[in-house]
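Colleague: mind folding the following:
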Amino acid sequence: MTKNKEALTMVETTLQNMRKGGIWDHIGFGFHRYSTDKNWLLPHFEKMLYDQAMISMAYLEAFQITGKEEYGRTVREIYTYVLRDMTSPEGGFYSAEDADSEGEEGKFYLWTTDEVQSILGKEEGEKFNPLLNIRSEGNFRDEASSQKTARNIPHFITPLEDVDLGFMEKHRKTLFEVREERIHPLKDDKILTDWNGLMIASLAKGSVALNSPEYYNAAKKGADFILKNLRLKDGRLLKRYRQGKAGLQAHLDDYVFVIWGLLELYEAGFEEVYLQEALSLSTILVNNFWDEADGGFFLGSKNAEKLIARAKTGYDGAIPSGNSIAVSILHRLARITGDMKWAGKANTILNIFSSDIERSPRGFSAMLLGFLFESDSPKEIVIVGDSDQNESKIFLDAVTRHYEPNKVIIFKDVSNKKSILNSIAPWTESQTTLDGKTTAYICENFACKLPTNNLSTTLKLIAN
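Modeller: Numbering: from 1, shown residues only. Coordinates of the predicted model:
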């Protein structure tokens, strides 16, 4: 972390205005696809799973850095939307909801002052309408004529800290229940492997930062769905699933985003199976997508339909590129396993895209985060303890919730007689508890400080 206050102010200003604007669904939660104006008022009303995943992670990190509940509340509300409207009974996550209903974009989301007053009552409606800038003349213009339509996109003008949240929530629920009776936009119920990986990563991170078993279980169920339903017998992934049928060969993003989700899931619950699956998929990724001649990952597998040229890109679009996120996950795998072959591949990716990064660094922000992970003294944290003891749970909770992006966390559970951790991370084999108590090893480049049983000492060593 740079602790650059100006950078943090830029981030907070953006996040606060996004949450206030019409790009946010103030009645049913979740973010629309993008805003068409500089004030975040008029969205393209479609809702995408990948936006919920990526945006929730941004608010989550803002919450961890600042401790401001407004960011944590936004994350919880995004998850409320995803778990309510975008999650299949089996645990996979749907792709999107359309912008249109009844042949008209945004109709599902718009309100008139009379509608609100008829639902809430005249007195309460007159209080509520100004809160979300719902006016008699409307703030939504007809696309063809640009004339105001008397319909409104709910959004805040006043600062969120000045809003009576109890009043807002009471009436929001009432309007939501009425809105549920409207004709809904069409839901795209495909389950896409790559976007599911992003959502699993977010929910796993959220389960830690927000101390929520519900979010962990949702991430776990999503991961289990992918591993069960979107894989061939040889372990390779498939790309999409709908109505019981999976198909299409997976691309680079599918592998990389699922591996990201599995690594976050491991560090959220320390179930070794997810770390093992991440390593297995990473091996398949390298064997099938790595460019042996020049380095970096191709978008398509070597087993895919033969093309004149195999594409390779690192540029981040609406979601990060596969090569960008690969840099981060490969560095993390190196720090977890002690096998620096993973880091070597990450550095090769950085080298082959270095001239592109110099020309347009903003287009490679995710790749630069992977670079910063490795260049800013990353720590390997090993906690040795008994998962059945409350002391270990307290240690793990404190360490995982401590915001330090450049770290990996490994838990050696002495009560797990079937643990495979020593084979995955052999460099941790000699690390044991001191005096039978939960013990922390804080390491850099696998050189560890003296082990400690003291939690406050552990957190200081992580922060330094």
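Colleague: drop to CA atoms for contacts and neighbour counts, all remaining ones
Modeller: Will do.
Colleague: gap between the two ends of stretch 394-407?
Modeller: End-to-end distance for stretch 394-407: 19 Å, by C-alpha to C-alpha, to the nearest Å.
Colleague: for that stretch, the averaged confidence score.
Modeller: Averaging pLDDT along stretch 394-407 gives 93.
Colleague: tell me the buried residues in it?
Modeller: 395-404, 406-407 (16 or more other C-alpha atoms under 10 Å).
Colleague: how close does Thr432 get to Lys379?
Modeller: Distance, Thr432 to Lys379, by C-alpha to C-alpha: 18 Å.
Colleague: which of the two has more neighbours?
Modeller: Neighbours were counted for Thr432 and for Lys379 using other C-alpha atoms under 10 Å; Lys379 has more, 25 against 21.
Colleague: which residues touch the more buried one?
Modeller: The neighbourhood of Lys379, defined by C-alpha atoms under 8 Å, 6 or more residues apart in numbering, consists of 406-408, 442-445, 462.
Colleague: ok, Gly247 next?
Modeller: Contacts of Gly247 (C-alpha under 8 Å, 6+ apart): 230, 238-241.
Colleague: so it is in which element?
Modeller: Assessed by DSSP states H and E, Gly247 sits inside strand 245-249.
Colleague: on the three-state scheme, the spatially most central residue of the chain is what?
Modeller: In the chain, the centroid-proximal residue (C-alpha atoms, centre = their mean) is Ser202; its distance is 2.8 Å. Per DSSP: H, G, I helix; E, B strand; the rest coil, the secondary structure class of Ser202 is helix.
Colleague: so it sits against Met57, correct?
Modeller: Yes: with contact defined as C-alpha atoms under 8 Å, Ser202 counts as touching Met57 (5.7 Å).
Colleague: switch the contacts of Gly247 over to JSON lines; also include distance to Lys187, neighbour count and pLDDT.
Modeller: Listed next are the contacts of Gly247 as JSON lines, based on distance: C-alpha to C-alpha, whole Å; neighbours: other C-alpha atoms under 10 Å; pLDDT from 0 to 100:
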{"residue": "Leu230", "distance to Lys187": "21", "neighbour count": "24", "pLDDT": "98"}
{"residue": "Leu238", "distance to Lys187": "22", "neighbour count": "23", "pLDDT": "98"}
{"residue": "Lys239", "distance to Lys187": "19", "neighbour count": "20", "pLDDT": "98"}
{"residue": "Arg240", "distance to Lys187": "16", "neighbour count": "20", "pLDDT": "98"}
{"residue": "Tyr241", "distance to Lys187": "15", "neighbour count": "20", "pLDDT": "98"}
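Colleague: any idea which of those is closest to Ser88?
Modeller: Nearest to Ser88 among those: Tyr241, at 11.2 Å, using C-alpha to C-alpha.
Colleague: for the residue lying closest to that closest one once chain neighbours are set aside, give me its contacts.
Modeller: Spatial nearest neighbour of Tyr241, excluding adjacent residues (C-alpha to C-alpha, 6 or more residues apart in numbering): Ile191 at 5.0 Å. Neighbour list for Ile191: 92-95, 240-242 [criterion: C-alpha under 8 Å, 6+ apart].
Colleague: shaky segments in the protein?
Modeller: Across the chain, the ranges flagged by pLDDT under 70 are 1, 143-145, 305, 307-308.
Colleague: and the strands in it?
Modeller: Taking DSSP state E, the strands of the chain run over residues 34-35, 43-44, 47-48, 96-97, 100-101, 104-105, 187-188, 191-192, 238-242, 245-249, 379-385, 407-413, 439-444, 447-448.
Colleague: in stretch 205-225, which residues are buried?
Modeller: 205-210, 215-225.
Colleague: no, scratch that, I was asking about stretch 301-312
Modeller: Residues 301, 312 are the ones in stretch 301-312 that count as buried (16+ other C-alpha under 10 Å).
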